[in-house]
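*Asks:* what would the 3D arrangement of this be:
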Amino acid sequence: MNLTSYSDQELIERFIKGEKACMETLIQRHKKKVYSYILITVKNTHVADDLFQDTFIKVINSLKCGTYTDKGKFISWVIRIAHNITIDYFRKEKNLNTCSNDDTELDLFNSEKFSDENIEDKIVGEQIVSDIKTLIDYLPAEQKDIIMMRHYGGMSFKDIAEQTNVSINTALGRMRYALINLRRIVEEKNVILTK
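*Replies:* Alright, predicted model coming up:
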């Protein structure tokens, strides 16, 4: 049985019914795109390997629990999971990096740079990020992918062009249209994106 001829959605449905080989086919089909997205962000192959594995563990668990609803948008959904897992990794890393006040004459901890933002700023900031992610979901898949790769993945337009098999001009054009569409959606939905 040649599973590579099946669509992502068919493979997902067959995997949910118990055909484990279908998940292997999905992973092989999208490995390069997902792994590259993670690697470009973390710039460390060992970390990227771990995060790639964590991504597909979450994908498998979500599919088994029936929480996948983005029919026809599987790769965008996986990239979103990879992005969130990568962000969690950076948050954990940031929390592990501590600073000592003993090594300097300046009082580091009395600096505005290290002061915590107040709870109101934090809530508003989180709401803005959430609103932007929701708005991005309204974009066509090609535009959504380019925003995820550029702004969340930190990829250059050259890397994006190679990853999506298009010219740099096409990648730039898609970004331009994505931003135009986002502005239009913000106006249509009357969303306020300022602190």
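*Asks:* which strands and helices lie in contact with the helix or strand hosting residue 61?
*Replies:* Taking DSSP states H and E as the criterion, residue 61 maps to helix 45-65. When contacts are defined as 3 or more C-beta pairs under 8 Å, 6 or more residues apart in numbering; DSSP states H and E, helix 45-65 packs onto helix 8-16, helix 21-42, helix 74-96. For every residue, glycine as well, the C-beta is placed using N, CA and C.
*Asks:* name the residues of it that are buried.
*Replies:* For helix 45-65, a neighbour-count test (16 or more other C-beta atoms under 10 Å) marks 47-48, 51-52, 54-56, 59, 63 as buried.
*Asks:* any stretches of the protein with poor pLDDT?
*Replies:* The chain contains residues with pLDDT under 70 at 1, 70-71, 95-125, 191-195.
*Asks:* for the residue positioned nearest the centre of it, give me its contacts.
*Replies:* Nearest to the mean C-alpha position of the chain, by C-alpha atoms, centre = their mean, lies residue 83 at 2.7 Å. Residues in contact with residue 83 (C-beta atoms under 8 Å, 6 or more residues apart in numbering) are 37, 41, 148, 152-153.
*Asks:* one more pass at 7 Å, please.
*Replies:* 148, 152 (C-beta atoms under 7 Å, 6 or more residues apart in numbering).
*Asks:* OK, contacts around residue 38?
*Replies:* 48, 51-52, 82, 86.
*Asks:* residue 36 too?
*Replies:* So residue 36 contacts residue 163 (C-beta under 7 Å, 6+ apart).
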